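Visitor: Sequence first, then the predicted structure, then my questions.
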Amino acid sequence: MSAASFGWSQPPYEIIMAAENLGSILRNTAVMIIAKASERYKVFTSFDEQKNAMVVFELKK
């Protein structure tokens, strides 16, 4: 598992997940956990060779 940190200087940020192959387990899935101060959010994505998954982050003041 890896972590990413954003400085929010030039939002929005986009994270795109794509499958290069399907592997032995049919669906390529990911769970992204977003932590903001004391709040936590979970984003579930699924993608394959024809369809990518994209998550967009925008800072709202």
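Guide: The structure has been received and is ready for your questions.
Visitor: Please name the residues that touch Glu20.
Guide: Glu49 (C-beta atoms under 8 Å, 6 or more residues apart in numbering). In this view, the C-beta of every residue, glycine as well, is placed from N, C-alpha and C.
Visitor: Now do the strands in this structure.
Guide: For the chain, the strands defined by DSSP state E occupy 13-17, 28-36, 39-47, 53-57.
Visitor: possible to save these as TSV with mean neighbour count and mean pLDDT?
Guide: Listed next are the strands of the chain as TSV, based on neighbours: other C-beta atoms under 10 Å; pLDDT from 0 to 100:
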stretch	mean neighbour count	mean pLDDT
strand 13-17	12	79
strand 28-36	12	82
strand 39-47	11	86
strand 53-57	13	82
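Visitor: ok, now how distant is Met54 from Met17?
Guide: Separation of Met54 from Met17 (C-beta to C-beta, to the nearest Å): 8 Å.
Visitor: what do you get for Glu58?
Guide: Distance from Glu58 to Met17, by C-beta to C-beta: 18 Å.
Visitor: what does Lys60 give?
Guide: Lys60 sits 24 Å away from Met17, going by C-beta to C-beta.
Visitor: contacting residues for the closest residue to Val31 other than its chain neighbours?
Guide: Leaving aside its sequence neighbours, Val31 sits nearest to Phe44 (C-beta to C-beta, 6 or more residues apart in numbering; 5.6 Å). If you count contacts by C-beta under 8 Å, 6+ apart, Phe44 has them with Thr29, Ala30, Val31, Met32.
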